[in-house]
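Colleague: One predicted model, sequence on top.
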Amino acid sequence: MNIQGRLVHFSGTVQGVGFRYTARQLARGYSITGYVKNLPDGRVEIFVEGPADQIDAFLADIRKRMGHYITAEEQELRQPTGKFTSFDIQF
């Protein structure tokens with residue numbers, strides 16, 4: 001299985017619109033782990049681990065649901081840590 005880690009930053013009007021809660025809810029439908037959190041600069045950060053196809057589908061769902069709030073997205077491949085057991089909101 002191709003397990004990968006991905007760090008994603010979403011910019012736009014992504015705080016105060018239920019972005020984190022939507023991401024957590026959507027994540028429950030996929031075989032992924034990680035977190036979502038607000039950043040001080042107004043972006044939302046997602047770190048997700050799992051099979052590449054599951055990550056791609058999860059991020060596509062976020063774009064479909066929250067796309068009208070997103071103006072930019074940056075992704076970086078990261079080494080999976082294996083330390084997450086679920087997908088949660090970090091504060």
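Modeller: Structure received.

Colleague: alpha carbons only for contacts and neighbour counts from here, please
Modeller: Fine.

Colleague: Do you know the pLDDT at Met1?
Modeller: As predicted, Met1 sits at a pLDDT of 66.

Colleague: and Arg28, how far is that from Ile62?
Modeller: Using Cα to Cα, to the nearest Å, Arg28 is found at 12 Å from Ile62.

Colleague: Compare the two (neighbour count), which wins?
Modeller: Neighbour tally, Arg28 and Ile62, criterion other Cα atoms under 10 Å: the higher count belongs to Ile62, 18 against 14.

Colleague: Just give me the neighbour total for the residue lying closest to the more buried one once chain neighbours are set aside.
Modeller: Spatial nearest neighbour of Ile62, chain neighbours left out: Ala23 (6.5 Å); criterion: Cα to Cα, 6 or more residues apart in numbering. If you count neighbours by other Cα under 10 Å, Ala23 ends up with 23.

Colleague: And for Glu74?
Modeller: Neighbourhood size, Glu74 [other Cα under 10 Å]: 10.

Colleague: Which parts of the protein are strands?
Modeller: 3-12, 33-38, 44-51, 70-78, 87-89 (DSSP state E).

Colleague: who wins for proximity to Ala57 among these?
Modeller: strand 44-51 (10.1 Å; Cα to Cα).

Colleague: Check which helices and strands the closest one sits against.
Modeller: strand 3-12, strand 33-38 (3 or more Cα pairs under 8 Å, 6 or more residues apart in numbering; DSSP states H and E).
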